Every structure is written in C-alpha cells, then in structure tokens.
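Asks: I'd like to go over a predicted model; first the sequence, then the structure.
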Amino acid sequence: MNETGHLIHKYLRSSKKFPHIWCAGCGIGIFMQALLRVIDQLGYSKDDIVLVSGIGCSGRLPVYVDFNTLHTTHGRALTFATGIKLAKPRLKVITVMGDGDAVAIGGNHLIHTARRNVEIASFVINNHVYGMTGGQCSPTTPYRARTTSSPYGNLEPDFDICRLTEAAGAAFIARSTVYHTHLLDQLIGKALKKKGFAMVEVVSQCVTYSGHWLGLRSPVEMMNWQRDNAIPVEKARGLGETELKGKIVTGVLVDREIPTYHEEYKKLLSVKV
Ligand code: SF4
C-alpha cells in the first residue's frame, strides 16, 4: 500500500463520513493530508490527539478523521480546545480554523489564547473569503478585492494573522502555503512539538470564490500564484515594505520560549497560602 492509501485506511472515517463536502481543487484537502502525514511520522496514538474546529469549510476537517474530534460553534474552536487542554494536559490538542472563524468572530479567542500561551497547535487555513456561505469578505480579504459582499471592491485593510498573534504573545508563529508541501510538513511538525501556543497560517485557495480579484480561475493558477508570490522569511528580512507588498512571507516567523499557562498554573498550586 502506498503512503496515501496507508493514511486513508488508518485515519479517515472513509466508510462513515464520505464523500466530503469540499470542492475539487480546494486547498483544505492538501492541508489535511499534510497534517495526517506528520502525525503519522511523529508516531502519535490516535487516542492522544484531540482535533477541534469551528464552523466553515475547514471546520469540516475533524468530521473526516478518526481522532478524538469536536466540531464546535463558529469562532469557538480555541475556547473548547483550551478547556480540553486544561482538563487533560497530556493530550495533544490541535485546532483547525478558517480565516473568518479565527480572526473575525473568533478573533478575541485567538488573541487571548496566544496571550495565555496555552499549549495548543493551531492551524489557520487562510483562503481570504468566507467560502461556505458564498464568498463574502473576511478580515483577510485583500484591500480593493471584489467579493460577493464587496462587488465594488473591499474598503477595509486586511489583517496579517501572523503579526496579530505575534503581538498577542504566541510562542510559535509560522506561515506556509498549500503549494509548499515540504515546508508545510516541517511547520506542522514544529507546531505539534512546540511547548506553548503555536499558530501556523496556511495560505490556501478557495477555488470556488476567491482568486477572482487576481483573475485566477483554476486551482492550478491559484497554486502557481502561491508559488510565485511566496518569499522565505530569511530573504524577506533584507527587503523593505514596498518590496514585500503582496508577498507571502513563509517559514518560521517567531519561535520563543515563554512560560505556558500550565507552568504558571503549577507554580500557583505550589504556593502555600
Ligand atoms: Fe474550498 Fe471554497 Fe469550496 Fe469551501 S467553497 S470547499 S473553501 S473551494
């Protein structure tokens, strides 16, 4: 059996939950395969993983895999994940969110989970729109982009998810695209092993709704756009704001050792009052 067949039979709820809902060419499936590949390589037991999501196309991911899974309410993946981690610290808790889920309705939870440094590996699949509800503007939709809710162009500046979580205090922050699968595997592995809150932004394609503002009409064109506009962080450090405009800076952006919420909690328990 080849590697893909091995992953399908070992991890997917293929007889119960398929066919999946994702459009052909969507990047979420590429991310899912990368996540399963890395989990398999790292040797986690399926019972040790808890995979939590909110709502949206990426929110469907835990439905399809055979871990402990929770498909929660919109924007609340990190709140459920925090509760699980506090109750069962030995478990490897992972969240998967879309851009709307993570930085619109769930933005408050993202910054406070980062600030608390709860040990959760979180992955934000950023396809720059609300895909499931019809391609409306999200907080990461580029300025002036035309979407179904901004037919004359988006008036709002877009969030940089990595800068946001860096300012909030996350221990580990990284970015890849779904085109760069080797890099994606490496970053997923680092995030899973990180002591503290880890956030990886995964730039992806919504082939059905995003890409129109760039004139991109197919999954291949959209992935080529990721390839052509990505720039490794080591190279980006020598460039100015103007040169980096529109570029996707990839790699490990932040990796710092700071006390986790659990470490602080243990200290508190040891204080005699
Ligand atoms: Fe993927 Fe967009 Fe289809 Fe949702 S609507 S499954 S994000 S391509």
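Replies: Great, that's in hand.
Asks: report the separation between the spatially closest residue to residue 172 that is not a sequence neighbour and residue 268.
Replies: Once flanking residues are discounted, residue 172 sits nearest to residue 198: 3.8 Å by Cβ to Cβ, 6 or more residues apart in numbering. The way it works is simple: take the backbone N, C-alpha and C, and place the C-beta from them, glycine included. Residue 198 sits 23 Å away from residue 268, going by Cβ to Cβ, to the nearest Å.
Asks: for residue 161, same thing?
Replies: Taking Cβ to Cβ as the measure, residue 161 falls 31 Å from residue 268.
Asks: the two: which is more packed in?
Replies: Counted by other Cβ atoms under 10 Å, residue 161 and residue 268 do not tie: residue 161 has more neighbours, with 24 against 9.
Asks: give the contact list for that one.
Replies: Contacts for residue 161 (Cβ atoms under 8 Å, 6 or more residues apart in numbering) come out as 99, 102, 103, 124, 126, 140, 199, 201.
Asks: give me the buried subset of those.
Replies: Neighbour counting by 16 or more other Cβ atoms under 10 Å classes 99, 102, 103, 124, 126, 140, 199, 201 among those as buried.
Asks: contact partners for the residue nearest to the fourth one when sequence neighbours are not counted?
Replies: It stands for residue 124. Leaving aside its chain neighbours, residue 124 sits nearest to residue 102 (4.5 Å; criterion: Cβ to Cβ, 6+ apart). Counting by Cβ under 8 Å, 6+ apart, residue 102 touches 54, 75, 77, 110, 122, 124, 161.
Asks: cool, and residue 197?
Replies: By Cβ under 8 Å, 6+ apart, the contact set of residue 197 is 113, 114, 116, 117, 118, 119, 120, 122, 170, 171, 172, 260.
Asks: count the neighbours of the fifth one for me.
Replies: Residue 118 has 22 neighbours, counted by other Cβ under 10 Å.
Asks: residues from the stretch 51-200 of the chain in reach of the ligand?
Replies: Proximity of the stretch 51-200 of the chain to the ligand, by Cβ under 6 Å from any ligand atom, involves residues 57, 127, 131, 132.
Asks: mind doing that once more with 8 Å?
Replies: 56, 57, 58, 98, 127, 129, 131, 132, 135 (Cβ under 8 Å from any ligand atom).
Asks: related to what we said a few turns ago, quick one: buried ones out of the contacts of residue 197?
Replies: Neighbour counting over those (16+ other Cβ under 10 Å) leaves 113, 114, 116, 117, 118, 119, 120, 122, 170, 171, 172, 260 as the buried ones.
Asks: nearest to the ligand among these?
Replies: The closest of the buried ones among the contacts of residue 197 to the ligand turns out to be residue 122 (Cβ to the nearest ligand atom; 18.1 Å).
Asks: can I take it that that closest one is in a strand?
Replies: Yes: using DSSP: H, G, I helix; E, B strand; the rest coil, the secondary structure at residue 122 is a strand.
Asks: before we move on, back to that, where does the residue nearest to residue 172 land on pLDDT?
Replies: Looking at residue 198, its pLDDT reads 98.
Asks: any idea what it is bridged to?
Replies: Listed beta-bridge partners, residue 198: residue 121, residue 172 (assigned using DSSP bridges).
Asks: tell me which residues touch the closest residue in space to residue 196 that isn't next to it in sequence, please.
Replies: Leaving out its chain neighbours, the residue that sits closest to residue 196 by Cβ to Cβ, 6+ apart is residue 171, at 3.0 Å. Residues in contact with residue 171 (Cβ under 8 Å, 6+ apart) are 117, 194, 195, 196, 197, 198, 254, 255, 256, 257, 258, 260.
Asks: coming back round to it: need the buried ones among the contacts of residue 161 in CSV with distance to residue 243 and secondary structure, can you?
Replies: Shown next, in CSV, are these (distance: Cβ to Cβ, whole Å; DSSP: H, G, I helix; E, B strand; the rest coil):
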residue, distance to residue 243, secondary structure
99, 25, helix
102, 28, helix
103, 25, helix
124, 25, strand
126, 22, strand
140, 21, coil
199, 25, strand
201, 20, strand
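Asks: ok now whichever strand or helix holds residue 86, how far from the chain's centre?
Replies: Secondary-structure assignment from DSSP states H and E places residue 86 in helix 77-87. Relative to its chain's centre, helix 77-87 lies at 16 Å (Cα atoms, centre = their mean, to the nearest Å).
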